[in-house]
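Student: structure of the sequence below:
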Amino acid sequence: MRQRLIWKVMALNFPVIALVIGVIWLSIDYLAADYFTELMNQYQIAPREIHAMFIDSVHRYMAGASIVAVLMAILLSYWLTNRVLRPLKEVSTAIDKMRSGNRDARARSISNDELGELASAFNSMARQIKIGEELRENMIVDLAHELRTPVTNISGYLEGLRDEVIEVDDHSLHVLQEEAFRLADLVESMLNLARADAAELDLKIQPISVDDVINAELHRHNEQLEKKQLSVTLDIAQDANTLKVDPDRFQTIVNNLIENACQYSSAGGELKIGCVWRNGQFLLEMSNPTENLGPDDVTHVFERFYRSEKSRSRISGGAGIGLAIVKKLVEAHGGSVGANSDQGLFAIWLSIPDTVLGNVPTAS
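Tutor: Numbering: from 1, shown residues only. Model (predicted):
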């Protein structure tokens, strides 16, 4: 295919070469020949035979020169075209390697023109494909690991009950129920994550009261907040209380953020929640004290199944999907999320632009 493309590109030069040769040929035939005839007449020399000899010689030399010029043009055009199309060859070779299963295949970007940009774009796409596949593979492994714990516990208890090693009492039934709840919670989290992936397709945008949503979620998590002895400071700017979003998705965002804060906050600290309009963006920031989150963890907190303590059980640490769902839902609204950790204080922020959803900060 590449060879055919080279000849196609080279064929574009042939009409130009033919036109140049034709112009030179006609110029000599008419202009040079007429000038030669005028010169012969000026010196009173019969030009007929000499003119014919001149034209014949010129035609022979022009024919030879044209053949040499065409051959040289073909060789030079082939060499130059081959160099120009080399980035395309690199991309084609890399595509063949990727087709055969090599996800590390990359095209060398050896020029700064459009073909070089094509190679760079392909490399960027290849990296994204590799990252996507790694995330998918890791997600499958993590999901299998997360499912294995409750399933193994349920299976073990059922086997013990069957063999009468474990008595059928309130405790054993409670344990089975708790494991079933954890399994159902994980499945529900995965469904929520799948819904978050498709959220952009079916957002139902309408005005909401940010204060009402956050206070409702704080009331819902009141028991967890009291258990961690977390005091709450809520600061919503007057012009940031009304926001146009999908109500259900925004409620899920706030729920997951507060759930995450309850799980990972240090006991006896303060949970701060603030909402403002800044540079045309609705900004929500939530911060809480934490002792177990390092700088390296901050860059991964929005990844699926990520938990800062790898040994933490799902009983205390959740499945590590909540913040991934937050990221997906915020991005579905055209916004972005971020996190930082400094001196034992962990903060998560999200922003939603007014230009995407028609939000206009108005005092309530």
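Student: which helix or strand contains residue 251?
Tutor: helix 247-264 (DSSP states H and E).
Student: and the closest residue to residue 97 other than its chain neighbours, how many neighbours does it have?
Tutor: Residue nearest to residue 97 in three dimensions, not counting chain neighbours: residue 105, with 3.5 Å by C-beta to C-beta, 6 or more residues apart in numbering. From N, CA and C alone the C-beta is placed, and that goes for glycine too. Counted with other C-beta atoms under 10 Å, the neighbours of residue 105 add up to 19.
Student: give me the number of residues near residue 342?
Tutor: 10.
Student: er, residue 123 I mean
Tutor: 18.
Student: ok but it is inside a helix, no?
Tutor: Yes. According to DSSP: H, G, I helix; E, B strand; the rest coil, residue 123 belongs to a helix.
Student: okay, it: pLDDT?
Tutor: Note for residue 123: predicted pLDDT of 81.
Student: can I assume residue 61 sits in a helix?
Tutor: Yes. Judged by three-state DSSP, residue 61 forms part of a helix.
Student: low pLDDT regions in the stretch 1-150 of the chain?
Tutor: 1-13, 25-55, 58, 109-115, 135, 139, 142, 146 (pLDDT under 70).
Student: residue 141 versus the closest residue to residue 129 other than its chain neighbours, what's the distance?
Tutor: Taking C-beta to C-beta, 6+ apart, and ignoring the residues beside it in sequence, residue 129 has residue 103 as its nearest neighbour in space, at 6.7 Å. Noted for residue 103: a distance of 17 Å to residue 141, by C-beta to C-beta, to the nearest Å.
Student: show me which of those two is the more surrounded one.
Tutor: Higher neighbour count among residue 103 and residue 141: residue 103, with 14 against 11, using other C-beta under 10 Å.
Student: quick check: that one is in a helix.
Tutor: No. Going by three-state DSSP, the assignment for residue 103 is coil, not a helix.
Student: now it: how far from residue 128?
Tutor: Counting by C-beta to C-beta - residue 103 and residue 128 are separated by 11 Å.
Student: and residue 321, how many neighbours does it have?
Tutor: With other C-beta under 10 Å as criterion, residue 321 counts 25.
Student: so what pLDDT did it get?
Tutor: Residue-level pLDDT assigned to residue 321 equals 76.
Student: return the distance of residue 268 relative to residue 71.
Tutor: 88 Å.
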